[in-house]
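In: Next come a sequence and a model predicted from it.
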Amino acid sequence: MRWGLIPSWAKDMSGAAMMINARSETAATKPAFRDPLTSRRCLIPADGSYEWQRRGNAKQPYCFEVNDGELFAFAGLWDRWGDPSGQWLKSCSILTTTPNAVTSSVHDRMPVILSPDDYDLWLDPGMTNVEAVSEMLKPSDARQMRCYPVSTRINYVANDDEVCSAPVELVETQAGLFS
């Protein structure tokens, strides 16, 4: 599965990079996400997510975890697209929602983290009631989440190790007298 939804009706793959996330509040009305929300929902497993907060001229990454790093699932949508040679490509997108108290200090959106109790209904292909599935698309319980700053190593795709998600101490810099 490729990240970045390519609608089945797209002429080419060029828009996929812009469709890595879908706003849950408007997904039912957007052509790219309307049909997948009705009948092509998926779970995207994770043990954390990242957001960046601007600090002066730099962006500081933060890791968000649920229940001290336990596995959880984002609400996802998927579609399949046929390329000109007849090959099929499956792609997906993560639904986002308004932030909870933990995420709001860093970012104005957060991924929809589904409750395990909702997994079966979310994945049920017979559940085509968009209003009913939309009820699941809300901020997760902030009491079950934590957030901590991580190294800017995570900003480079070549860095793919546990150091990227390790907590770091933020160094506060004092503004200069004439800055």
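Out: Ah, there it is.
In: what ranges of the protein fall below the confidence cut-off?
Out: The chain contains residues with pLDDT under 70 at 173-179.
In: Can you point out the buried residues in stretch 151-171?
Out: 153, 154, 164, 165 (16 or more other CB atoms under 10 Å). (C-beta placed from N, C-alpha, C; glycine too.)
In: The last one: what's its closest spatial neighbour, skipping adjacent residues?
Out: Once its chain neighbours are removed from consideration, residue 165 has its nearest residue in residue 63; the separation is 5.4 Å (CB to CB, 6 or more residues apart in numbering).
In: Over to the second one?
Out: Leaving aside its sequence neighbours, residue 154 sits nearest to residue 164 (CB to CB, 6+ apart; 4.3 Å).
In: Same check on residue 31?
Out: residue 7 (7.0 Å).
In: how near is that neighbour to residue 97?
Out: Plainly put, residue 7 is 21 Å away from residue 97 if you go by CB to CB, to the nearest Å.
In: Quick check: phi and psi on the residue nearest to residue 18 when sequence neighbours are not counted?
Out: Using CB to CB, 6+ apart and skipping residues adjacent in sequence, the residue nearest residue 18 is residue 4, 7.6 Å away. Main-chain dihedrals, residue 4, degrees, to the nearest 10: phi 110, psi 100.
In: Can you report how many residues lie near residue 4?
Out: 15 (other CB atoms under 10 Å).
In: Repeat that for the one 10 residues further on.
Out: Using other CB under 10 Å, residue 14 is surrounded by 9 other residues.
In: Which element, helix or strand, includes it?
Out: Under DSSP states H and E, no helix or strand contains residue 14.
In: Going forward, the N-terminal residue is numbered 538.
Out: In the new count, where the first residue is 538, that last one comes out as residue 551.
In: hey, where'd the strands end up in this structure?
Out: 539-540, 558-560, 578-583, 586-592, 595-603, 609-619, 625-634, 647-648, 650-651, 682-686 (DSSP state E).
In: Adding distance to residue 569 and mean neighbour count, write those out as JSON lines.
Out: Below are the strands of the chain laid out as JSON lines (distance: least, CB to CB, whole Å; neighbours: other CB atoms under 10 Å):
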{"stretch": "strand 539-540", "distance to residue 569": "14", "mean neighbour count": "14"}
{"stretch": "strand 558-560", "distance to residue 569": "8", "mean neighbour count": "19"}
{"stretch": "strand 578-583", "distance to residue 569": "14", "mean neighbour count": "17"}
{"stretch": "strand 586-592", "distance to residue 569": "22", "mean neighbour count": "15"}
{"stretch": "strand 595-603", "distance to residue 569": "26", "mean neighbour count": "18"}
{"stretch": "strand 609-619", "distance to residue 569": "8", "mean neighbour count": "20"}
{"stretch": "strand 625-634", "distance to residue 569": "8", "mean neighbour count": "20"}
{"stretch": "strand 647-648", "distance to residue 569": "18", "mean neighbour count": "24"}
{"stretch": "strand 650-651", "distance to residue 569": "21", "mean neighbour count": "24"}
{"stretch": "strand 682-686", "distance to residue 569": "29", "mean neighbour count": "17"}
